[in-house]
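>>> Just the structure for this:
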Amino acid sequence: MDEYFLQYLWNFQKFSTPELTLTNGSSLAVFTSGYQNTDSGPDFKEAKIKIDDLTWSGSVEIHYKSSDWYKHNHQVDQAYENVILHVVWVHDKEVTIDGNEVPTLELKNYVIENVELAYKHYINQPSVIRCGDHLSGTNRLQTISMIDKALAERLKVKSKVILDLLHKNQGDWEETTYQTILKNFGFKVNQETFIKLSESLPYSIVKKYKNKPQAIEALLFGCAGYLEEVPDDYSKSLAEEFNYLKSKHNLSPILKRHHWNRSRMRPANFPSVRLFQLAGILTYRSQLFAQVMELTDHKEAVQFFQNTPTAYWEGHYDFGKPSTRAYHLGSSAIDNLIINSLVPLLAAYSKYLDEVSYLDKAQTLLEKTVPEKNHIVDKWKELGIAATNSYESQALIHQYNHWCKEKKCLQCNIGISILSPKLAP
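Got it, this is the predicted structure:
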């Protein structure tokens, strides 16, 4: 028995009888079940109930067992001091707040067996997207509502990552923007290594060398461990520049060339290529954060990531490795950086200022960016929900990973519409 089912039963009052009795024998009448809380704290807030002759307003907490209250350490969390009712499936332990017993409703006494069986049958289907067979008949407005809700939650999660990083950087938005962009320049295979690079080479140093491409390349390649071997004159000149800059700024590089993943990778994705592409971006931008916040449309976002590498990289993909073509950032890579860097930064700043215009910018960027191509987006398409932009694909990815995989069908409007007739008492 999972708590999502219990929350659904309480939220929609799906009981076999309206005449409820608490575990201590008191009568219970429910005026309103409250609104479901998606943040930390009790599961439902602003509920209104009547116990015997007294009316209470406050929070309701849902658990499988009463003892889960202590398992989750609610007894030391002030957020739970306003709980007026504990709703459980099995009452196995008395719960108290400040020495007073918390009224408890044991739900197993009020749910018909076939309702529980119908839920278990649905939720234990092998398919991750359990509603897949029903989606073709789903109301379009329900689908839009699901997508909007999932996207809002995804941006909230990504904003928190940015704001946590901002706190770590003591409120420095420039450093936070720089670290976010470098992290995502690693895409999946070298993300952690790019994070280490950003931590060992602060933006406060990099921005001193605006319009000095060789200095920025020396800093990036040197701190990345790429200048320990110098197979040609250009790498030798960068190494000499880096040794000077390392001493000047007291840099302590922690990376070596072998830390970078290159296995089963095309030259276009090599770390050396990503590094000179990054250098081309950083060379001509001294205020990363301000430029991100001032973006007005998708075209400007694309231009933000268009780079101008030095002449050497027009004919090389690594030091001493000639190439017949120049490796500029491709459109799919730029879209990825817009989705995972610019959009979260805009959403986080919106949250930080409580100013919706930046969130609007973030959502507009997603609406103008083509959808990602992966197995999750493909699966939704097979079921009849084809993403037309990255607003929708990001939402569908989040829905799949954080709702479908976690079996939160009874917290999803589509899941509720399918299950409600099956779970009627």
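>>> ok, the closest residue to N389 other than its chain neighbours - contacts?
Leaving out its chain neighbours, the residue that sits closest to N389 by C-beta to C-beta, 6 or more residues apart in numbering is E367, at 5.2 Å. Quick note: C-beta positions are derived from backbone N, CA and C, even for glycine. With contact set as C-beta atoms under 8 Å, 6 or more residues apart in numbering, E367 has these partners: 389-391.
>>> And F185, by the same measure?
Shown in contact with F185 (C-beta under 8 Å, 6+ apart): 194, 274, 277-278, 337.
>>> for K48, same thing?
Counting by C-beta under 8 Å, 6+ apart, K48 makes contact with 30-32, 34, 55-57.
>>> Same question for E61.
Contacts of E61 by C-beta under 8 Å, 6+ apart are 42-44, 69, 74, 80, 83, 85-87.
>>> centre of the chain versus the helix or strand hosting it, how much separation?
Under the criterion of DSSP states H and E, E61 resides in strand 54-65. Strand 54-65 sits 30 Å away from the centroid of its parent chain (C-alpha atoms, centre = their mean, to the nearest Å).
>>> Buried residues, whichever helix or strand comes after it. List them.
Moving toward the C-terminus from strand 54-65, the next helix or strand (DSSP H and E) is helix 68-71. Residues 68-69 are the ones in helix 68-71 that count as buried (16 or more other C-beta atoms under 10 Å).
>>> and the next element down the chain from helix 68-71?
Heading C-terminal from helix 68-71 (DSSP H and E), you reach strand 83-90.
>>> Summarise which helices and strands that following strand is packed against.
If you count contacts as 3 or more C-beta pairs under 8 Å, 6 or more residues apart in numbering; DSSP states H and E, strand 83-90 packs onto helix 3-11, strand 44-51, strand 54-65, strand 104-106.
>>> Using PDB, list the CA coordinates for the longest one.
As requested, C-alpha coordinates have been extracted for strand 54-65 and formatted as PDB (Å, rounded to 0.1, in the frame of the first residue of the first chain):
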ATOM      1  CA  LEU A  54     -15.300  20.600  18.300                       C
ATOM      2  CA  THR A  55     -14.300  22.100  14.900                       C
ATOM      3  CA  TRP A  56     -10.700  22.100  13.900                       C
ATOM      4  CA  SER A  57      -8.700  23.800  11.100                       C
ATOM      5  CA  GLY A  58      -5.100  22.900  10.300                       C
ATOM      6  CA  SER A  59      -3.000  20.300   8.500                       C
ATOM      7  CA  VAL A  60      -3.400  16.600   7.800                       C
ATOM      8  CA  GLU A  61      -0.500  14.100   7.500                       C
ATOM      9  CA  ILE A  62      -0.900  10.800   5.600                       C
ATOM     10  CA  HIS A  63       1.200   7.600   6.400                       C
ATOM     11  CA  TYR A  64       0.900   3.900   5.800                       C
ATOM     12  CA  LYS A  65       1.600   3.200   9.500                       C
END
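>>> which residues in the stretch 151-300 of the chain form helices?
Ranges of helices in the stretch 151-300 of the chain, per DSSP state H, counting those that start in this stretch, are 173-185, 191-200, 203-206, 213-223, 233-248, 271-283, 288-293, 298-304.
>>> what's around the residue lying closest to V370 once chain neighbours are set aside, how many residues?
Nearest residue to V370 in three dimensions, chain neighbours excluded: D335, at 6.1 Å (C-beta to C-beta, 6+ apart). Neighbour count for D335, taken as other C-beta atoms under 10 Å: 21.
>>> And the residue nearest to I205 when sequence neighbours are not counted, how far from Y358?
Excluding the flanking residues, the one nearest I205 by C-beta to C-beta, 6+ apart is H249, at 5.2 Å. Note on H249: its distance to Y358, by C-beta to C-beta, to the nearest Å, is 33 Å.
>>> Of these two, give the one with the bigger neighbour count.
Neighbour comparison, H249 and Y358: the larger count goes to Y358, with 20 against 14 (by other C-beta under 10 Å).
>>> How much space separates that one from F12?
From Y358 to F12 the distance is 36 Å (C-beta to C-beta).
>>> for H249, same thing?
For H249 relative to F12 (C-beta to C-beta), the value is 62 Å.
>>> Same question for V111.
From V111 across to F12, the span is 12 Å (C-beta to C-beta).
>>> more crowded one of the two?
V111 (20 against 13).
>>> re the thing from before, tabulate the contacts of K48 in JSON lines, adding columns for distance to P18 and pLDDT.
Listed next are those as JSON lines, based on distance: C-beta to C-beta, whole Å; pLDDT from 0 to 100:
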{"residue": "V30", "distance to P18": "8", "pLDDT": "96"}
{"residue": "F31", "distance to P18": "12", "pLDDT": "96"}
{"residue": "T32", "distance to P18": "14", "pLDDT": "96"}
{"residue": "G34", "distance to P18": "17", "pLDDT": "97"}
{"residue": "T55", "distance to P18": "17", "pLDDT": "98"}
{"residue": "W56", "distance to P18": "18", "pLDDT": "97"}
{"residue": "S57", "distance to P18": "20", "pLDDT": "97"}
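>>> which one of these has the most neighbours?
Compared across these, G34 has the highest neighbour count, 23 neighbours, by other C-beta under 10 Å.
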